[in-house]
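> Give me a 3D structure for the following:
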Amino acid sequence: MFHTLLVPLDGTPQSDRVIDLAVRAAAANQSRLHVLCVVDPAYALSPADVDGVEPDGLTYPPAIDQTTRAGHIVEAAVQRLQSQGWAAEGRVCAGQPGDTIITEAKRIDADVIVMGHRHLSRLQRWADPSTAGTVIDQAPCPVLVETGNDV
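Sure, this is the predicted structure:
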């Protein structure tokens, strides 16, 4: 079906189902799966600051935690996909999730974005807009959404 798939993950329990959906959407062994985890820019470490030490010598534990967690999410997903025989690579990026996913989809020329979404009330969507909604509205390719509902 699709040959270049972008699979943004956030580490929630739904992430496993998103990976399963991406595998089902992928074309037989010719597909490349790109796993992405987005870190809030306020908590992102630059590659030079992987130990969490800022230029002034101070450490920033929340940034270390967020960046490390994102790295583990990506690494676990890539290892899982590769162990199943898929060509997979991963990346951690900093930015607003929706915008970053769209930018990454354009960068890799994705055929499809496979992602999950949170079930939010209208009030929750107003206070914290849906990343999936942003991606669906602005994506340069189709978006396949794992709803988390058992059908």
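> surely Ala105 meets Gln138?
No - checked against C-beta atoms under 8 Å, the pair Ala105 and Gln138 is beyond contact range at 9.5 Å. (Each C-beta comes from the backbone N, C-alpha and C, glycine too.)
> which of those two has more neighbours?
Applying other C-beta atoms under 10 Å to Ala105 and Gln138 shows that Ala105 carries more neighbours, namely 25 against 13.
> which residues does the closest residue to the more buried one other than its chain neighbours contact?
Distances taken as C-beta to C-beta, 6 or more residues apart in numbering place Leu6 nearest to Ala105, at 5.0 Å, with adjacent residues excluded. If a contact means C-beta atoms under 8 Å, 6 or more residues apart in numbering, then Leu6 has His34, Leu36, Ile101, Glu104, Ala105, Ile108, Ala110, Val112, Ile113, Val114 as its contacts.
> want to throw the residues you listed into JSON lines with distance to Asp10, pLDDT and secondary structure?
Converted to JSON lines, the contacts of Leu6 look like this (distance: C-beta to C-beta, whole Å; pLDDT from 0 to 100; DSSP: H, G, I helix; E, B strand; the rest coil):
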{"residue": "His34", "distance to Asp10": "15", "pLDDT": "97", "secondary structure": "strand"}
{"residue": "Leu36", "distance to Asp10": "10", "pLDDT": "97", "secondary structure": "strand"}
{"residue": "Ile101", "distance to Asp10": "11", "pLDDT": "97", "secondary structure": "helix"}
{"residue": "Glu104", "distance to Asp10": "14", "pLDDT": "97", "secondary structure": "helix"}
{"residue": "Ala105", "distance to Asp10": "16", "pLDDT": "97", "secondary structure": "helix"}
{"residue": "Ile108", "distance to Asp10": "19", "pLDDT": "97", "secondary structure": "helix"}
{"residue": "Ala110", "distance to Asp10": "18", "pLDDT": "97", "secondary structure": "coil"}
{"residue": "Val112", "distance to Asp10": "18", "pLDDT": "96", "secondary structure": "strand"}
{"residue": "Ile113", "distance to Asp10": "14", "pLDDT": "97", "secondary structure": "strand"}
{"residue": "Val114", "distance to Asp10": "13", "pLDDT": "96", "secondary structure": "strand"}
